[in-house]
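[1] quick one, what's the 3D model for this:
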Amino acid sequence: MNLGFLNPLLHRPGPWASVYMDTSAIAEDAVAVQELQARDAGDRLAGLGADEATCRAVYGALAGASRDDAGRAVFATDGEVVLDVPLASPPPAPPTADWAVLPRLAPLLEYGGEPACLVAFVDRKGADLQLRAGHGRPRPAGKVTGQQWPLHRTGRDDWSERHFQLAVENTWEENAALIARALADEAGRTEAEVLVLAGDPRERRAVRDRLPEELRATAVESEHGGRAAGSSQELLDADVERARADRSRAHAEEALSRFRAGRAPAGDRIDAAEGVPALVDAAREHRIDELLLRPGGADLHHDVWVGTEPDQLAMRRSESQYLGEPLPAAARADDALLRSAAATGATVIGLPAGDGGRPGADGAVPVGGLGALLRWPYQGAVPGGGARPER
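    Next comes the predicted model:
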């Protein structure tokens, strides 16, 4: 997951209210039910010590939230909702509420959705493109209009008709190439990792054959949905979510494979880190390239000390003061590391609860549920049994 959307949260002091609310089960006309849930979230925050202005702001955002999405994640401080994120899958009911020095970010990995996906509804005239990103509803991503004539073959078999039918097939092929180029451009612009082709069977195969190799490898054809008005979307939606989930699993497996290789010393180099102390050091020095997080790991709720800036984090309060934070505060390790990852452009990979690999102290890797692939490796021993980072 790319965490760039968290930028508004990164440099503001807390404490923070973080609320996750399911809106998927609220009927379209059930305004009272939504207001009750929003009030419940505000009451929970007040019970945790949140100020009245922040509780009111959270209530207002949730009471007026769209019910088109599966849920909402709302982050507020100092009487202001700073970020309101639509969720792709519903969090548990009733709403969960946290009041802490940092925003509660880790649940976004679970409810924020799978990798971004481009859906192309193709026919022999062109295509309608749709983006399904990690958060919220699908949105239009452009339209491709190909040649409109000649498009239809005839049933006659004389010489002139065969010539015309060849021209028709050339039009189909040229339109398929045009759609493939547009999809490649849009996938690059939106960083979509998955492509689903729906619509005319012949044309979607022709489009897939003309995609760049990397995009073709992640493309999936669906027999459901199409450009025509009234085409059923439910089975297509299931195909899209299956493709996104498969891509997410493959990405996690590939990252775990690199992590296992990276944490085994290669000469005097180590390219991966695990354990809260090593990860805190790596985050403070902006060395985390990919942060791996496995739900349920014992290290996720380990306390670390943080300041107002994302790279002000340490294992001991005295170290935070040394980094320039006069009033450090204790925070969860997962939220502190996620904030740091977002600030330095690192990506985050949510892992399944158990990976079936070589067990660590709590039954799976990374040990404790947190690990990282590094931008540059540790290299060489230093006094005290540590390692010196290579630059």
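
[2] could I get the full set of helices for the protein?
    For the chain, the helices defined by DSSP state H cover 31-47, 52-63, 107-111, 159-190, 201-209, 213-218, 234-263, 276-284, 317-322, 333-343.

[3] what's the most buried one of those?
    With neighbours taken as mean count of other Cβ atoms under 10 Å, the helices of the chain reach their highest mean count in helix 333-343, at a mean of 25. For glycine as for every other residue, the C-beta is placed from the backbone atoms N, C-alpha and C.

[4] OK, contacts around residue 98?
    16-19, 48, 104 (Cβ atoms under 8 Å, 6 or more residues apart in numbering).

[5] in PyMOL, select just the buried ones from these.
    Of these, the buried ones can be selected in PyMOL as follows, counting by 16 or more other Cβ atoms under 10 Å:
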select buried, resi 16+17+18+19+104
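
[6] nearest to residue 124 among the contacts of residue 98?
    residue 19 (48.2 Å; Cβ to Cβ).

[7] any chance you could map the strands in the stretch 1-150 of the chain?
    16-22, 71-77, 80-87, 96-100, 117-123, 126-132, 139-145 (DSSP state E, counting those that start in this stretch).

[8] any regions of the stretch 51-200 of the chain where pLDDT drops low?
    113, 134-136, 148-170 (pLDDT under 70).

[9] export the helices of the chain to a markdown table and tack on distance to residue 368?
    Supplementary listing: the helices of the chain in a markdown table, determined by distance: least, Cβ to Cβ, whole Å:
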| stretch | distance to residue 368 |
| --- | --- |
| helix 31-47 | 29 |
| helix 52-63 | 32 |
| helix 107-111 | 16 |
| helix 159-190 | 34 |
| helix 201-209 | 42 |
| helix 213-218 | 31 |
| helix 234-263 | 13 |
| helix 276-284 | 7 |
| helix 317-322 | 20 |
| helix 333-343 | 9 |
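
[10] which stretch among those comes nearest residue 1?
    Set against residue 1 and scored by Cβ to Cβ, those come closest in helix 107-111, at 6.3 Å.

[11] now do that closest one: which elements does it pack against?
    Under the contact definition 3 or more Cβ pairs under 8 Å, 6 or more residues apart in numbering; DSSP states H and E, helix 107-111 sits against strand 71-77, strand 347-350.

[12] alpha carbons of the longest one, in PDB - could you do that?
    In PDB, the C-alpha atoms belonging to strand 71-77 read as follows (Å, rounded to 0.1, in the frame of the first residue of the first chain):
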ATOM      1  CA  GLY A  71     -17.000   2.300   5.900                       C
ATOM      2  CA  ARG A  72     -15.100   5.400   7.000                       C
ATOM      3  CA  ALA A  73     -11.900   6.100   8.900                       C
ATOM      4  CA  VAL A  74     -11.900   9.600  10.400                       C
ATOM      5  CA  PHE A  75      -8.800  11.200  12.000                       C
ATOM      6  CA  ALA A  76      -9.200  14.400  14.000                       C
ATOM      7  CA  THR A  77      -7.300  16.700  16.400                       C
END
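
[13] how far off strand 16-22 does that strand point, in degrees?
    If you take axes from the mean of the first three to the mean of the last three Cα atoms, to 10 degrees, strand 71-77 sits at 170 degrees to strand 16-22.

[14] list the buried residues in strand 71-77.
    Of all the residues in strand 71-77, those buried under the rule 16+ other Cβ under 10 Å are 71-77.

[15] any chance of those residues in JSON lines, plus distance to residue 86?
    Formatted as JSON lines, the buried residues of strand 71-77 follow (distance: Cβ to Cβ, whole Å):
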{"residue": "71", "distance to residue 86": "8"}
{"residue": "72", "distance to residue 86": "6"}
{"residue": "73", "distance to residue 86": "8"}
{"residue": "74", "distance to residue 86": "11"}
{"residue": "75", "distance to residue 86": "13"}
{"residue": "76", "distance to residue 86": "16"}
{"residue": "77", "distance to residue 86": "20"}
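
[16] per-residue confidence at residue 289?
    Turning to residue 289, the model gives it a pLDDT of 96.

[17] excluding its backbone neighbours, what's nearest it?
    Distances taken as Cβ to Cβ, 6 or more residues apart in numbering place residue 375 nearest to residue 289, at 4.4 Å, with adjacent residues excluded.
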